[in-house]
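In: sharing a sequence plus its predicted fold:
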Amino acid sequence: MAEAVIGSRETAQTKSPLDQETHVSGKIIFLLMLLGGLGFAAWNIFRDVNGAGEVLAGGVFFLLALALVIALGFEFVNGFHDTANAVATVIYTHSLPPMVAVVWSGTWNFIGVMMSTGAVAYSIVTLLPVELILQVGNSAGYAMIFSLLLAAIIWNLGTWALGIPNSSSHALVGSIMGVGLANQLMSPVGEATSGVDWSQAAKVGQALLFSPIVGFLASGALLLIMKVLIRNKTLYEAPKSNAPPPLWIRGLLIFTCTSVSWAHGGNDGQKGMGLIMLILIGAAPTAYALNRTMQDKDMPAFVRSIEAGEKMFAAHSAGVPPVTPAQARQIVGDGLREKKVNTPEVFGAMGVLSTEIEANVKAYGSIRHVPAAAVPNLRNDMYMVGDDLRLLGKQKGALAGADAKTASDVMKKLQAGTRFIPTWVKISVAIALGLGTMVGWKRIVVTVGEKIGKTHLTYAQGASAELVAAGTITLAEMYGLPVSTTHILSSGVAGTMAANGSGLQWSTIRSIASAWVLTLPAAIAISGTLYFLLRTILPH
């Protein structure tokens, strides 16, 4: 029986043209798109910086260019590492030729990125140490960016080389945690610094932990439901030849591949966006620290919201002695680091910073007209008050009724001014992710298609796993949670094999599970080490 299974798999692989060579015209188009994407990003940076009247020093420009290339490189690696999962089913069911499948998937990754909300981008950013976010333009900020991105890339490339499906989300979160821990360990004794936001890390960790379980159980259950409702034997059989399946089955599988690709772009594409925005804010604060696309007509509502917030802050800080803006920044910053924001002192300090924000906006007429010298302080004030309100919203009983509504409105207004993603950043990330999809996909495709179950993937199994993956990833994007396309889909395929009684190849399952378990500690160790080395090397 085992020999028959192996023989059938060898036949299937012989028939599946996984080794077909890309035509020279395809390589030229790929190269032109890659260079075009980098050129497009460079032109937009020049336009934005020039429009804001900002001049970048040579060293700053070099660091900016290097950081952006590494950030886009992370998304490129994410594309060929993670999106291979989306195309495995259509390739192994002969629904689409391999090159057509990866180009199609890359296109829908691009569309997914362009339609994303940005919520996931900033849920990743909130995991970073507060002081590094506020001072991202200094050497520690660049060390943070380089360390976490390089660590994630190194781990992704290592698991890809071994053909092991691994989560880019998992690797990035681990890298961020490594930087946070190293930042805390390297701080002088007695200095208030933040490490890892464990509450936010727990939220992300739960999403990464439970999504594979959901993928396994839901995919298996969906396959069993399909067997009851759709009694077509062809759907539950492995492909018998290299010919495409019946049109309706082919259409279903192409739809599921499209859905996973689109959902992957919408979720994973955002992970690099937030980091790219930190890079831009650090290198060119005048152009990117504040959302200069906010319209003048929006400013009266912005000011009214801030004024309402000031009254609410005053009511919660009764009896607290007045402080200066500099003291207020220290109090609010310490509250963020220690996650202790529900105190009269912090409320009083937020009131002082809100008054500063309101005065700046009124003085210059609009956020877009704030001069370069005033941008860093205003951006940091808006960020800190907004993040304090975010933490307050999570604390049960901290605010209620009208106060909770006021706090939420103020937070949204402040975040609109500091948490934004220019269209060109979306396009650049979309190009990187889409092009990455078209490179290096074979290793992971072979693992998903051949090495998880003991029998060839059937049409129904592929459709079940991808429908569940697309739905889970889309829901996670709506709630701003980074999840792993790789873990959901590979566990979904395993779930359908178990539900079908096909059996699992436990050596592969162990490899995937080992990568799942080791990714966080490995990424933490790599990024923490890199951060220590870069902090030592880079001038302070």
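Out: Sure thing, it's come through. Residues are numbered from 1 along each chain as shown.

In: from here on, contacts and neighbour counts on C-alpha atoms
Out: Fine.

In: would you mark the buried spots in the longest helix belonging to the chain?
Out: Longest among the helix segments of the chain by residue count, using DSSP state H, is helix 247-283. For helix 247-283, burial by neighbour count (16 or more other C-alpha atoms under 10 Å) applies to 249-250, 252-283.

In: so how far is it from its chain's centroid?
Out: On the basis of C-alpha atoms, centre = their mean, to the nearest Å, helix 247-283 is displaced by 9 Å from the centre of the chain it belongs to.

In: repeat that for stretch 116-135.
Out: From the chain centre to the centre of stretch 116-135 is a distance of 10 Å (C-alpha atoms, centre = their mean).

In: just want the most central residue of this protein.
Out: With distances taken as C-alpha atoms, centre = their mean, the chain has Lys271 as the residue nearest its mean C-alpha position (2.1 Å).

In: the closest residue to that residue other than its chain neighbours: what's it in contact with?
Out: Nearest residue to Lys271 in three dimensions, chain neighbours excluded: Ala121, at 5.0 Å (C-alpha to C-alpha, 6 or more residues apart in numbering). Ala121 sits next to 270-275, 480 when contact means C-alpha atoms under 8 Å, 6 or more residues apart in numbering.

In: what strand or helix carries Ala121?
Out: Element membership of Ala121, judged by DSSP states H and E, is helix 119-125.

In: let's see stretch 392-412 as CSV, backbone CA atoms only.
Out: Taking Å, rounded to 0.1, in the frame of the first residue of the first chain, the C-alpha atoms of stretch 392-412 are listed here in CSV:
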residue,chain,number,x,y,z
LEU,A,392,-7.6,53.1,29.2
GLY,A,393,-10.2,51.7,26.9
LYS,A,394,-8.8,48.2,27.6
GLN,A,395,-9.0,48.6,31.4
LYS,A,396,-12.4,47.4,32.7
GLY,A,397,-14.2,50.2,34.6
ALA,A,398,-11.6,52.9,33.9
LEU,A,399,-14.1,55.0,32.0
ALA,A,400,-17.8,54.6,31.5
GLY,A,401,-20.7,56.3,29.8
ALA,A,402,-20.1,59.7,28.3
ASP,A,403,-16.4,59.7,29.4
ALA,A,404,-15.7,56.5,27.6
LYS,A,405,-17.4,57.9,24.4
THR,A,406,-15.3,61.1,24.7
ALA,A,407,-12.1,59.2,25.2
SER,A,408,-12.8,57.0,22.2
ASP,A,409,-13.5,60.0,20.0
VAL,A,410,-10.4,61.9,21.1
MET,A,411,-8.3,58.7,20.5
LYS,A,412,-9.7,58.3,17.0
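
In: buried residues, the helix or strand hosting Ala359. List them.
Out: Assigned by DSSP H and E, Ala359 belongs to helix 344-364. Within helix 344-364, the residues that count as buried by 16+ other C-alpha under 10 Å are 344-358, 360-361.

In: tell me which residues are up against the very next helix or strand once past it.
Out: The first helix or strand that comes after helix 344-364 along the chain, using DSSP H and E, is helix 375-394. Applying C-alpha under 8 Å, 6+ apart, the external contacts of helix 375-394 come out as 134, 285-286, 289-290, 329, 332-333, 335-336, 339, 341-342, 350, 353-354, 356-357, 360, 398-399, 404, 407-408, 410-412, 414-415, 417-418.

In: now these: which count as buried?
Out: Using 16+ other C-alpha under 10 Å, the buried ones in the contacts of helix 375-394 are 134, 285-286, 289-290, 329, 332-333, 335-336, 339, 341-342, 350, 353-354, 356-357, 360, 399, 404, 407-408, 410-412, 414-415, 417-418.

In: make sure Tyr459 is actually in contact with Tyr236.
Out: Yes: between Tyr459 and Tyr236 there is a contact under C-alpha atoms under 8 Å: 6.2 Å.

In: now Gly397: phi and psi?
Out: phi 80, psi 0 (degrees, to the nearest 10).

In: how many other residues sit next to it?
Out: Gly397 has 10 neighbours, counted by other C-alpha atoms under 10 Å.

In: try Arg535
Out: With other C-alpha under 10 Å as criterion, Arg535 counts 20.

In: in the strand or helix carrying it, what's buried?
Out: For Arg535, the host element (DSSP H and E) is helix 506-537. Residues of helix 506-537 classed as buried: 508-509, 511-513, 515-516, 519-520, 522-532, 534-535 (neighbour count, 16+ other C-alpha under 10 Å).
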